[in-house]
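A.B. asks: one predicted model, sequence on top.
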Amino acid sequence: MCTLCDQGKPQDHSRKPQSSQLGRRDFLKASTATAAAAAGASLFAANRARAHDGDDGPRDSGKHDRRYVIRNGHVMSMDPKVGNIVRGDVLVEGKKIVAVGRNLRAGGADEIDAEGRIVMPGFVDTHHHQFETAIRSFLADGLLFNDGAPHGAINYFQYILGTFAPVYRPWDVYISELFGSLSQLDAGVTTSHDISQIHYTKQHSEAAIKGSADSGRRIVFGFFEGARADLQGSPPGAWYPQGATFLKEKYFSSSDQLMTMSMGGEIYLQPAPAVYTEAWNIGRKLHIPVVAHIVGSFGMQPEFDAIASGQRAVRFGSDNLFIHMTGMSDVGWQAVKNAGAGVSLAVPIEMNMRHGTPPILKTLAFGVQPSLSVDVEVTLSADMFTQMRSTMTLHRMFMNARALGETYAAGFPDQELLTSRDVLRMATLEGARDLKLDHKTGSLKPGKEADIIILDAEAINVHPLNHVPGAVVSLMERSNVETVIVAGKVRKWKGQLQDVNLGKLRHELENSRDFLFDAANVPYDLFRPN
């Protein structure tokens, strides 16, 4: 049941996905964004968008008594027992997968013709700062922090967290969360971990939840601090970390819903270790994952090693997810391995913003299978095709350099080259595992929820199809994502997002962007110098 139903406030679940489990009207009344919220009613189309050929797709998809079958696709299940099937079928009933195989009997169910298509699990992104959508590409040439050189003048901590974030209104949070989430849905990312360091007030947090929920996809809501450039924790009056208990009880008390919750526990927040110890303890009391960015170039290794070696009041556990893990010692890596903690790599961002060399060699050497994540759209694209290609290419560069005897690679471990199938697993099943959702998603297996993408393998950039995982990783991009299904519900059909008024959304996002630049007193210049 949904959270509000559990609270004795029955909701109409027959409504379209934009009328999310949180209740639009109740949320907007509670938010300080009420004045701007009237525009929200028109952010979604009154009728379903039409597919290119006039076919509307399966009727009432996602409802508990509705069945449809995806026919004749090249099924890449990402489950070793189910395997891969040429010209296979996937039968969906309600929100779950009923069967995967060939020539499935569907009893008159609606059919989706997947001839010439690849059918696979939706992508899982384990780390995304969705609140930054309105300021996309602002930091295209910037670094994580100011290193004192001219190229460090425009940097993430000073501008994104220290200048823009503090002026966000709840409405700005809402529209960025919604637009960013829909954009990823369009790219086949059916599950994301939203790490929005924008939790200054209860209203900011509820706006983040509402924006994600209204997109109709699977989200892990990360409750992190209200960002400050000086890293002194949240500003006075902010409700992190204590507000986690309220949010968990109000919005995430049910396990049978699209949204779940994680607890932010950054080890760099001052005073350390007091701030992160409290956050970790709250997260564990609430039985939710505890998550932290771990970045060597920001001087975090000593504190991480102190936790790893038992010098702090908290310990690593299987409930931890550590992001980046650049520059960490073998002591820290071994402790992560021993605890069964997860590791999320954002390879393109780590290379671009000076987080440090992505630790793909370390994570594989210690037997920790990483998940992949997009991090920040202020700098790079939030699609998983970019993440997979970058990860595979980086690892193969390291191993090729070792094989060729290049001097800088002399100390590299001897590892098997990553394959396209390896990085596809990182972008699906490993992501689901790190978010504690692998019982629901990450592979196409009977009993799991139907988070499915259908990729066009007849498109001009892919055809003819000769190697399914290779085609996805080495050739495909957003335009190949033809159909997207979340918990049985068709959210993108033959290239078009469903039930979304993109024109209105663009207008609202531009208005938010204009406000943010003005309030932050940052000159708006489309061609500003590097």
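C.D. replies: Arrived safely.

A.B. asks: need the contact partners of the helix or strand Leu321 falls within.
C.D. replies: For Leu321, the host element (DSSP states H and E) is strand 320-326. Outside of strand 320-326, the residues within contact range by Cβ atoms under 8 Å, 6 or more residues apart in numbering are 126-127, 193, 195, 262, 289-297, 332-333, 336, 339, 341-346, 350, 355-359, 362-363, 373, 434-435. Heads up, the C-betas are built off the backbone N, CA and C, glycines and all.

A.B. asks: switch the cut-off to 6 Å
C.D. replies: When contacts are defined by Cβ atoms under 6 Å, 6 or more residues apart in numbering, strand 320-326 is touched by residues 127, 289-296, 341-344, 350, 355-356, 359, 434.

A.B. asks: what's the helix or strand just after it packed up against?
C.D. replies: Downstream of strand 320-326, the next assigned helix or strand under DSSP H and E is helix 330-339. Applying 3 or more Cβ pairs under 6 Å, 6 or more residues apart in numbering; DSSP states H and E, one finds that helix 330-339 contacts helix 301-308.

A.B. asks: now do the helix it packs on: distance to the chain's middle.
C.D. replies: 27 Å (Cα atoms, centre = their mean, to the nearest Å).

A.B. asks: contacting residues around stretch 476-486?
C.D. replies: 185, 187-188, 190, 217, 383, 385, 450-456, 459, 491-495.

A.B. asks: wait, a strand at Ser262?
C.D. replies: Yes. Read with DSSP: H, G, I helix; E, B strand; the rest coil, Ser262 is one of the residues of a strand.

A.B. asks: so it bridges to which residues?
C.D. replies: Gly222 (DSSP bridges).

A.B. asks: neighbours around it, how many?
C.D. replies: 26 (other Cβ atoms under 10 Å).

A.B. asks: for the longest helix anywhere in the chain, what is the average pLDDT?
C.D. replies: The longest helix of the chain (DSSP state H) is helix 384-403. For helix 384-403, mean pLDDT is 98.

A.B. asks: beyond that helix, next helix or strand please.
C.D. replies: Taking DSSP H and E, what comes next after helix 384-403 is helix 420-426.

A.B. asks: please save the CA atoms from the helix or strand following that following helix in PDB.
C.D. replies: Scanning forward in sequence from helix 420-426 by DSSP H and E, the next helix or strand is helix 429-434. Output of helix 429-434 as PDB, limited to C-alpha atoms (Å, rounded to 0.1, in the frame of the first residue of the first chain):
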ATOM      1  CA  LEU A 429      21.900  -5.400 -11.600                       C
ATOM      2  CA  GLU A 430      24.800  -4.000  -9.600                       C
ATOM      3  CA  GLY A 431      23.100  -0.700  -9.300                       C
ATOM      4  CA  ALA A 432      19.900  -2.400  -8.000                       C
ATOM      5  CA  ARG A 433      22.000  -4.300  -5.400                       C
ATOM      6  CA  ASP A 434      23.800  -1.100  -4.200                       C
END
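
A.B. asks: so what secondary structure elements neighbour helix 429-434?
C.D. replies: Secondary elements touching helix 429-434 (3+ Cβ pairs under 6 Å, 6+ apart): strand 123-128, strand 371-372.

A.B. asks: show me the shaky parts of the stretch 401-530 of the chain.
C.D. replies: Along the stretch 401-530 of the chain, segments meeting pLDDT under 70 span 529-530.

A.B. asks: one more pass at 80, please.
C.D. replies: The stretch 401-530 of the chain contains residues with pLDDT under 80 at 528-530.

A.B. asks: quick one, helices of it?
C.D. replies: With DSSP state H, counting those that start in this stretch as the criterion, the stretch 401-530 of the chain has helices at 420-426, 429-434, 468-474, 502-519.

A.B. asks: among these, which is the most enclosed?
C.D. replies: Mean neighbour count (mean count of other Cβ atoms under 10 Å) peaks for helix 429-434 among those, with a mean of 26.

A.B. asks: mind listing residues that contact it?
C.D. replies: Counting by Cβ under 6 Å, 6+ apart, 78, 124, 126, 321, 342, 369, 371, 438, 441-443 sit against helix 429-434.

A.B. asks: how far does it sit from its chain's centre?
C.D. replies: On Cα atoms, centre = their mean, the centre of helix 429-434 falls 11 Å from the chain's centre.

A.B. asks: got the angle for the longest helix of the chain vs strand 123-128?
C.D. replies: 80 degrees (axes from the mean of the first three to the mean of the last three Cα atoms, to 10 degrees).

A.B. asks: now the residue positioned nearest the centre of the chain: how far from Asp125?
C.D. replies: Central residue of the chain (Cα atoms, centre = their mean): Ser192, 2.4 Å from the mean position. Distance of Ser192 to Asp125, computed by Cβ to Cβ, to the nearest Å: 4 Å.

A.B. asks: quick revisit: buried among the contacts of helix 429-434? Need that as a selection in PyMOL.
C.D. replies: With 16 or more other Cβ atoms under 10 Å as the criterion, this PyMOL line picks the buried residues out of these:
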select buried, resi 78+124+126+321+342+371+438+441+442+443
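
A.B. asks: any idea whether the residue nearest to the centre of the chain is helix, strand or coil?
C.D. replies: Looking at Ser192 with three-state DSSP, the answer is strand.

A.B. asks: and Ala292, by the same measure?
C.D. replies: Three-state call for Ala292 (three-state DSSP): strand.

A.B. asks: check contacts around it.
C.D. replies: By Cβ under 6 Å, 6+ apart, the neighbours of Ala292 are 265-267, 322.

A.B. asks: for it, which residues make a bridge with it?
C.D. replies: Here Ala292, judged by DSSP bridges, has bridge partners Phe322.

A.B. asks: what's the neighbour count on the nearest residue to Glu377 once chain neighbours are set aside?
C.D. replies: Leaving out its chain neighbours, the residue that sits closest to Glu377 by Cβ to Cβ, 6 or more residues apart in numbering is Arg136, at 4.7 Å. Arg136: 21 surrounding residues under other Cβ under 10 Å.

A.B. asks: Val376 is in contact with Arg136, correct?
C.D. replies: No. Arg136 lies out of contact with Val376 (Cβ atoms under 6 Å); the separation is 9.2 Å.

A.B. asks: so what's the residue count around Arg315?
C.D. replies: Arg315, neighbours per other Cβ under 10 Å, totals 13.

A.B. asks: and the pLDDT for it?
C.D. replies: pLDDT, read off for Arg315, is 98.

A.B. asks: what does Pro10 give?
C.D. replies: 35.

A.B. asks: need the contacts of helix 429-434 in a markdown table with distance to Arg169, can you?
C.D. replies: Formatted as a markdown table, these follow (distance: Cβ to Cβ, whole Å):
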| residue | distance to Arg169 |
| --- | --- |
| Met78 | 40 |
| Val124 | 30 |
| Thr126 | 28 |
| Leu321 | 29 |
| Gly342 | 33 |
| Gln369 | 40 |
| Ser371 | 32 |
| Asp438 | 36 |
| Thr441 | 33 |
| Gly442 | 35 |
| Ser443 | 40 |
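
A.B. asks: quick revisit: got the contact list for the residue nearest to the centre of the chain?
C.D. replies: 125, 128, 184, 219.

A.B. asks: which among those residues gets closest to Tyr159?
C.D. replies: His128 (18.8 Å; Cβ to Cβ).

A.B. asks: alright, that wraps it up for me.
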